[in-house]
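Chemist: Compute the structure for the input listed below.
(chains A, B, C and D)
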Protein chains: 2
Amino acid sequence: MLPSSRVTIRDVAARAGVSIATVSKVINQRYGVAEETNARVLAVIEELGYEASLVAQSLRNRRTNVIGILVADLEPFSTELLKGTADAIRGTGYELVIYSAGGRTSDHVGWERRYLSRLSGTLIDGAVLVTPTVTDVRYDAPIVAVDPHTGPSDLPTIDSDNLHGARLATEHLLGLGHRRIGMLTGRPDLQSAQLREQGYRAAMHDAGVPVEPELVQEGAYDPEIAVDAARRLLAGPLRPTAVFAANDLSAIAAIDVARDLGLRVPEDLSVVGFDNVPESALCTPPLTTVNQPIRQMGQRAVELLIQLIRDGQVPSTHITLATKLVVRRSTHSPAERTPLDH
Amino acid sequence: MLPSSRVTIRDVAARAGVSIATVSKVINQRYGVAEETNARVLAVIEELGYEASLVAQSLRNRRTNVIGILVADLEPFSTELLKGTADAIRGTGYELVIYSAGGRTSDHVGWERRYLSRLSGTLIDGAVLVTPTVTDVRYDAPIVAVDPHTGPSDLPTIDSDNLHGARLATEHLLGLGHRRIGMLTGRPDLQSAQLREQGYRAAMHDAGVPVEPELVQEGAYDPEIAVDAARRLLAGPLRPTAVFAANDLSAIAAIDVARDLGLRVPEDLSVVGFDNVPESALCTPPLTTVNQPIRQMGQRAVELLIQLIRDGQVPSTHITLATKLVVRRSTHSPAERTPLDH
DNA sequence: GTGAAAGCGCTAACAG
DNA sequence: CTGTTAGCGCTTTCAC
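Modeler: Numbers count the residues shown, from 1 in each chain, chains lettered A, B, ... in the order given. So this is what the prediction gives:
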């Protein structure tokens, strides 16, 4: 009874005793089909559980009503963003395809160009690129970038106020009385990472606190790399009393390292993150961090993209959302340094 | 210089001065291409930034090396699961496509059948169905279900020990001294929801505590529906002193409703959730909940699916992972009821 | 070693 | 109103 393999338009046509073209017309509600034929074809479609192949359709058509979200990996930031894209897609008539490179193992740099090339023109009408690694993704297909690569780019972009957020984080630590404040920086090729470091340096500078080179270590937004960086930062006798990490995952890694080293957080070491992903509240102690409206960023990105697809034009080409500090339990005034400190 | 529209195999062929067939052979590393031709074509591919269209390829080929994850919506549970699928996909040579219906607005029931129909046979080699709404998705394509629909199904399945988890949650509340314990149930068509209710009832029964009908309200795993259900549960004078919600999102909704009603959590009302999604730690107070190893479930689902695709067979067809209680701050011994209580 | 031609499932002219 | 035909981008026999 059930078809062992995919039921195609040809099966429907055969069973309904009409041509393939007629079935296609019925599916697409084109004029010029007799009421009776229409009904019969519809019945067969129902009976066979036929559904047009997205692949075949999109090979033939220009439009697919499918939007692609291209991510390098599925981690807290990108998945949080996905929730926002889902919010925005409801009721628009578009569907969502998320394509994931499967982490850094596959292709280093330029994954989004490759994916775009593979999917665009067919399958998707446009794409949201999440933290793309290249800047010159010029295509005729509508594209919106979230947290883009550094460098000049004319792509419509969504990001948040990284500079201000980093300033807030650093000023918070300075305000608590910290002077020796280290930083775990992000992926150097991303604008967001550069701005976060810049904000940190600016706040330190304004407070008249010098930043020694060894206080800044590259965490690359990556938990594993951040662990090594945190070790370098916290190992020496001159370790900082506070650390600002460029994202929450690095901050959590730093807390783990601190614990391994026998340091208490926040008593011996204050830690501030960035992003405010849900996970930041899960760690012990709950993380003080900078909130980025990630879901909203996803939402706005999709809205912008749909506008771009529909009108080909867009009013504002760069949207920056506000960041704000969220104080939890991982920050504290610095303890008096005792000779016992290793 | 840059192609204004998609560069196809035809463009490559023309520029390299060979036939389309030859380019295809080069791409697929088939034998029978002169070394020199091979090099020239490769150079042109590089120059033009050509990448084969996934759509065209998969229309022609049986295998695509792409796995589909089909979800009804992108919410905390499914996105957490996605992280697990990403963990599992690394290094397998497969890529991940997630397809989202975009929430309940689109099609009520049977979305997964529709999607499967649209994608399977073409585009994806197999699929993971997350909380599918129907049980008879029989297809020749390999399929694994996560948290499936109720009813007999021979689909390979991943779930967690819902019955035991619900028991733990309820016994925790009973142990604190609660007797009037309400429940916000899940989506009645899902096995998980039924088992969670069953576990609750069993624990209550074992403790000799009767369950009055009005103590059980359907939250459908949906925050909005759960708000109404919670209102019904908490409005009356005989309101429970504790609520067990079938998932974290409902539990969080219950806490919101309690707050609106002027009830303090946990002093006036204890709340336990289910899932332990990251968000559960974010709410105030942090939620006591039942941990489901969601990421692991995603991981196992993908592993099982790949096995199924490769071997056509699979050793175990139903994997159930353990659940455990995570006590946070939303539960407490019941307060003495005073006449002031509304 | 290379290219012409057929066909994957579908849609859009165009004839009949 | 309906069916025939061409072709989307690609792979694969099969001649040359």
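Chemist: Give me the residues contacting stretch A:306-326.
Modeler: A:67, A:88, A:92, A:94, A:125-126, A:142-144, A:154, A:156-162, A:164-165, A:168-169, A:172, A:276, A:288-293, A:296-297, A:300, A:304 (CB atoms under 8 Å, 6 or more residues apart in numbering or on different chains). For every residue, glycine as well, the C-beta is placed using N, CA and C.
Chemist: redo that, cut-off 6 Å
Modeler: Contact partners of stretch A:306-326, identified using CB atoms under 6 Å, 6 or more residues apart in numbering or on different chains, comprise A:125-126, A:142, A:156-161, A:164-165, A:168, A:172, A:276, A:289-293, A:296, A:300.
Chemist: Just the endpoints, please. Distance across that stretch?
Modeler: Separation of the first and last residues of stretch A:306-326 by CA to CA, to the nearest Å is 32 Å.
Chemist: What mean pLDDT does it get?
Modeler: For stretch A:306-326, the mean pLDDT works out to 89.
Chemist: Flag every buried residue along that stretch.
Modeler: A:Ile306, A:Gln307, A:Leu308, A:Ile309, A:Val314, A:Ile319, A:Thr323, A:Leu325, A:Val326 (16 or more other CB atoms under 10 Å in any protein chain shown).
Chemist: Same check on stretch A:290-310?
Modeler: Buried, per 16+ other CB under 10 Å, within stretch A:290-310: A:290-309.
Chemist: With A:Asp125 as the reference, measure out to the closest residue to DNA strand C within the stretch 201-342 of chain A.
Modeler: Nearest residue of the stretch 201-342 of chain A to DNA strand C (CB to the nearest atom of the strand) works out as A:Ile309 at 17.0 Å. In this view, A:Ile309 and A:Asp125 are 5 Å apart by CB to CB, to the nearest Å.
Chemist: What about A:Val18, how many residues nearby?
Modeler: Neighbours of A:Val18 under the rule other CB atoms under 10 Å in any protein chain shown: 19.
Chemist: now it, what's its secondary structure?
Modeler: Reducing the assignment at A:Val18 to three states with DSSP: H, G, I helix; E, B strand; the rest coil gives coil.
Chemist: ditto for A:Asp159
Modeler: Three-state assignment for A:Asp159 (three-state DSSP): strand.
Chemist: Give me the helix or strand of chain A that scores worst on average pLDDT.
Modeler: Of the helices and strands making up chain A, the lowest-confidence element is helix A:111-119, at a mean of 84, by mean pLDDT, DSSP states H and E.
Chemist: quick one: that one near DNA strand D?
Modeler: No: using CB under 7 Å from any atom of the strand, no contact is recorded between helix A:111-119 and DNA strand D, whose separation bottoms out at 8.5 Å.
Chemist: Just the residues contacting that helix, thanks.
Modeler: Here helix A:111-119 makes contact (CB under 6 Å, 6+ apart) with A:Gly68, A:Leu70, A:Ala72, A:Tyr99, A:Ala101, A:Leu129, A:Pro132, A:Val134, A:Val137, B:Glu51, B:Leu54.
Chemist: is stretch A:53-64 anywhere near DNA strand C?
Modeler: Yes: Stretch A:53-64 is in contact with DNA strand C by CB under 7 Å from any atom of the strand, via A:Ser53, A:Ala56, A:Gln57, A:Leu59, A:Arg60, A:Asn61.
Chemist: three-state assignment of the residue in the stretch 201-342 of chain A positioned nearest to DNA strand D?
Modeler: For the stretch 201-342 of chain A, the residue positioned closest to DNA strand D under CB to the nearest atom of the strand is A:Ile309, at a distance of 18.6 Å. Judged by three-state DSSP, the three-state class of A:Ile309 is helix.
Chemist: Pull the contacting residues for A:Gln194.
Modeler: For A:Gln194, counting by CB under 6 Å, 6+ apart, the contacting residues are A:Thr150.
Chemist: That one in helix, strand or coil?
Modeler: The three-state label given to A:Gln194 by three-state DSSP is helix.
Chemist: And it, how far from B:Ser270?
Modeler: A:Gln194 is 47 Å from B:Ser270, where distance means CB to CB.
Chemist: wait, what's in contact with the residue positioned nearest the centre of chain A?
Modeler: With the centre of chain A defined as its mean C-alpha position, the nearest residue by CA atoms, centre = their mean is A:Ser78, 3.2 Å away. With contacts defined as CB under 6 Å, 6+ apart, A:Ser78 is in contact with A:Val71, A:Val130.
Chemist: what's around A:Thr133, how many residues?
Modeler: Counted with other CB under 10 Å, the neighbours of A:Thr133 add up to 19.
Chemist: Equivalent analysis for A:Thr150, please.
Modeler: By other CB under 10 Å, the residues close to A:Thr150 number 15.
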